[in-house]
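Engineer: dropping the sequence and predicted coords here.
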Amino acid sequence: MSLNLNKSNESERKDVELESEIIPNGVEIGTGYAWYYDYKVSLRIGTMYASMITEFVIVNGGDDYLIPSGFYGPTATGFGELGQMPTIEIVREQENSSMSRWALANSNWYVNYPISTPWGGSTLSGTKYLWLGVGNNTYRVSDTLPY
């Protein structure tokens, strides 16, 4: 049985430089599956950088899935002030291929951006995301939903 593993990092955004990477620390390939453990996924948007350690399994001919106990170490740095430390959320632990719904997790954090205006200082703020999607025998990293 051959296992087709396709890794892709995609973004529709063209106005801001977007980089993502996945740094493998462990992978085990078996009959019909690939288990990725201690995988660091990261994303850089302009001067903001975020990362987390992940664990997931790609199943050839089956539903891919996340291993929640293998998610840890979220970080976020860059432009602005962190209003909240990054947290990890497992949104969907297992892919539902019959409904085209990927397994999803994210690291999210709140950022304040101090800005200067002619009428005085102000702050822009918002929640930022580092998403990992696992499905269709592949995985993706993005700042928006990855499928």
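Structural biologist: On my side now, so go ahead. Residues are numbered from 1 along each chain as shown.

Engineer: all strands for the chain, in order.
Structural biologist: 6-7, 18-23, 26-30, 33-45, 48-59, 65-66, 72-77, 81-92, 103-117, 120-135, 138-142 (DSSP state E).

Engineer: tabulate those strands in a markdown table, adding columns for mean pLDDT.
Structural biologist: Putting the strands of the chain into a markdown table (pLDDT from 0 to 100) gives the following:
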| stretch | mean pLDDT |
| --- | --- |
| strand 6-7 | 44 |
| strand 18-23 | 58 |
| strand 26-30 | 88 |
| strand 33-45 | 90 |
| strand 48-59 | 93 |
| strand 65-66 | 98 |
| strand 72-77 | 92 |
| strand 81-92 | 86 |
| strand 103-117 | 82 |
| strand 120-135 | 81 |
| strand 138-142 | 92 |
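
Engineer: out of these, which one sits most buried?
Structural biologist: Compared across these, strand 138-142 shows the largest average neighbour count, a mean of 23 (mean count of other Cβ atoms under 10 Å). All C-beta spots, glycine's among them, are computed from the backbone N, C-alpha and C.

Engineer: list the residues that contact Gly61.
Structural biologist: Contacts for Gly61 (Cβ atoms under 8 Å, 6 or more residues apart in numbering) come out as Gly32.
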